[in-house]
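Trainee: Provide a 3D model corresponding to the input given below.
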Amino acid sequence: MITYLVIAAILLAITFDVMNGFHDAANSIATIVATKVLTPIQAVFWAAFFNFVPIAIFTPTVANTIAKIVKVQPNDWQYFLVICAGLMGATLWNLLTWWLGLPTSSSHALIGGLSGAGITYAGLSALQWHMLFETILFIVLAPLIGFILGFIIIVCVYWLNSRTSPTKVDKKFRRLQLLSAALYSIGHGANDAQKTMGVIFALLIASGFLNYNSTLSLKNPDTAWIIFVCHFAMSLGTCMGGWRIVKTMGMKIAKLKPIDGFSAETAGAFTLFLATELGIPVSTTHTITGAIIGISSAVKPFSHIKWKIAGKIMWSWILTIPLSGLIAAAIFYILYLSSILFHF
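Mentor: The predicted model follows:
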């Protein structure tokens, strides 16, 4: 029975990974679609390809962080309930915010879901609070870093091209935006795919299928499949798109030109590279939104930024962790009662 339950939990995790790619596809392609450098279909496949590239670049530091947020005890069969409830809570929140067109964070929905289910399962002591605090801190820092880098990059880029005709600038940055979009998609794949890896890795340790001292690595034949499957699922989800959120991210916050899109994507990419190297799960949504506002505030009056839309997005950021946690807590309670009733 336990084997089937673990398989079910892994499939649920992979489904969430696909949904993560679907939900967050807009983060990778919104600016390049809004600037009309690529069509939506071209942009989706461009992003999906580069979502898979990080497998050869980054070590799974973020996955190790996610795997440890909820304390895992070896051979703890009930941990799969925490995983299932956390993933269900995050998925339901993602579907709701996707339907509303809000670019919320799949990462924070997952962290909120796992935390809510973990606390319901074993109380406040179930969480590694210092790791959770770092993640919460980057709710503020990720968009702030994106904002600052976006501001600096757009000022430098405008200054370097001040004597170039607008037509030539537009033509040059239409080509360069292909590079910046690729870099951002690499950062997106590197940080986001690792979150599901961490969930599956922790699940296999808790269920006794992996040794507690196992290492998540491409060099480890017992875990290499996790890395490949999660990157593939992320890329597959990206191929499915997320057009409602594309509209909000790329068109409603501010009107963008190719030079603006290049600057925002480059700022977002470097922020994601930094966070991934530090092993901190951040929101790609927060990052690119901060970068877009940063470049917009540098070259346009503040009145040109749709602050009402930005405020709506920020409220959804604030509510993501607690609400996805509450949903996951309720689901965990239902699953726990069902396990007792049906003698799992």
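
Trainee: Now do the contacts for the residue at the greatest distance from the centre of the chain.
Mentor: Here the chain reaches farthest from its C-alpha mean at Arg163, the gap being 38.5 Å by Cα atoms, centre = their mean. Residues near Arg163 by Cβ atoms under 8 Å, 6 or more residues apart in numbering: none. Using the backbone N, CA and C atoms, a C-beta is placed for each residue, glycine as well.

Trainee: Is it in a helix, a strand, or coil?
Mentor: Assigned by DSSP: H, G, I helix; E, B strand; the rest coil, the conformation of Arg163 is coil.

Trainee: Relative to Gln177, how far out is it?
Mentor: 21 Å (Cβ to Cβ, to the nearest Å).

Trainee: swap in Thr97?
Mentor: Taking Cβ to Cβ, one finds Thr97 at 27 Å from Gln177.

Trainee: likewise Thr65?
Mentor: 31 Å.

Trainee: more crowded one of these two?
Mentor: Gln177 (26 against 22; other Cβ atoms under 10 Å).

Trainee: per-residue confidence averaged over the helix or strand that contains that one?
Mentor: In this assignment (DSSP states H and E), Gln177 forms part of helix 166-206. Per-residue pLDDT over helix 166-206 has a mean of 89.

Trainee: Show me what that helix is packed against.
Mentor: helix 2-34, helix 40-52, helix 61-69, helix 79-100, helix 106-122, helix 224-239, helix 258-278, helix 284-299 (3 or more Cβ pairs under 8 Å, 6 or more residues apart in numbering; DSSP states H and E).

Trainee: how much does that helix deviate in direction from helix 79-100?
Mentor: Comparing the axes of helix 166-206 and helix 79-100 via axes from the mean of the first three to the mean of the last three Cα atoms, to 10 degrees yields an angle of 160 degrees.

Trainee: Could you list which residues are in contact with Ser106?
Mentor: Shown in contact with Ser106 (Cβ under 8 Å, 6+ apart): Phe16, Met19, Asn20, His23, Asp24, Ala90, Asn94, Asp192, Lys195, Thr285.

Trainee: typo on my end, Ala109
Mentor: Ala109 makes contacts with Gly89, Ala90, Thr91, Trp93, Asn94, Thr320, Ile321, Ser324, as judged by Cβ under 8 Å, 6+ apart.

Trainee: Could you report the separation of it from Val140?
Mentor: Ala109 is 17 Å from Val140, by Cβ to Cβ.

Trainee: follow-up on the earlier one: for Leu149, which of the helices and strands packed on helix 166-206 is the nearest?
Mentor: When the helices and strands packed on helix 166-206 are ranked by distance to Leu149, counting by Cβ to Cβ, first place goes to helix 258-278 at 3.6 Å.

Trainee: tally of neighbours for the residue nearest to Gln78 when sequence neighbours are not counted?
Mentor: Nearest residue to Gln78 in three dimensions, chain neighbours excluded: Tyr121, at 6.7 Å (Cβ to Cβ, 6 or more residues apart in numbering). With neighbours defined by other Cβ under 10 Å, the count for Tyr121 comes to 20.

Trainee: OK, contacts around Tyr121?
Mentor: Tyr121 makes contacts with Gln78, Tyr79, Leu81, Val82, Phe332, Tyr336, as judged by Cβ under 8 Å, 6+ apart.

Trainee: Taking these together, which two end up most distant?
Mentor: Tyr79 and Tyr336 (12.0 Å).

Trainee: Compare those two and say which is more crowded by neighbours.
Mentor: Neighbour count, other Cβ under 10 Å: between Tyr79 and Tyr336, Tyr79 has more, with 25 against 18.

Trainee: how much space between the residue farthest from the centre of the chain and Val169?
Mentor: Taking Cβ to Cβ as the measure, Arg163 falls 10 Å from Val169.

Trainee: Equivalent analysis for Lys257, please.
Mentor: For Lys257, the distance to Val169 - Cβ to Cβ - is 9 Å.

Trainee: what does Ala56 give?
Mentor: 34 Å.

Trainee: Low-confidence stretches in the stretch 51-200 of the chain?
Mentor: 101-103 (pLDDT under 70).

Trainee: is it true that Lys71 touches Leu127?
Mentor: Yes: contact criterion Cβ atoms under 8 Å: Lys71 and Leu127 qualify, at 7.2 Å.

Trainee: Common neighbours of these two, please.
Mentor: Residues touching both Lys71 and Leu127 (Cβ under 8 Å, 6+ apart): Gly118.

Trainee: how many neighbours does Leu81 have?
Mentor: By the measure other Cβ under 10 Å, the count of residues near Leu81 is 24.

Trainee: likewise Lys219?
Mentor: Residues lying near Lys219 (other Cβ under 10 Å) number 7.

Trainee: quick one: it from Leu179, how far?
Mentor: In terms of Cβ to Cβ, Lys219 sits 30 Å off from Leu179.

Trainee: Then Cys230?
Mentor: 25 Å.

Trainee: Same check on Ala47?
Mentor: 13 Å.

Trainee: Which one of these two is surrounded by more residues?
Mentor: Neighbours were counted for Ala47 and for Leu179 using other Cβ under 10 Å; Ala47 has more, 29 against 13.

Trainee: And what about Asn220, helix, strand or coil?
Mentor: At Asn220 the chain is in coil, as set by three-state DSSP.

Trainee: quick one: contacts for it?
Mentor: Contact analysis of Asn220 by Cβ under 8 Å, 6+ apart lists Ser214.

Trainee: now the one 10 residues further on
Mentor: Applying Cβ under 8 Å, 6+ apart to Cys230 gives the contacts Ile14, Asp17, Ala193, Gln194, Thr196, Met197, Ile200.
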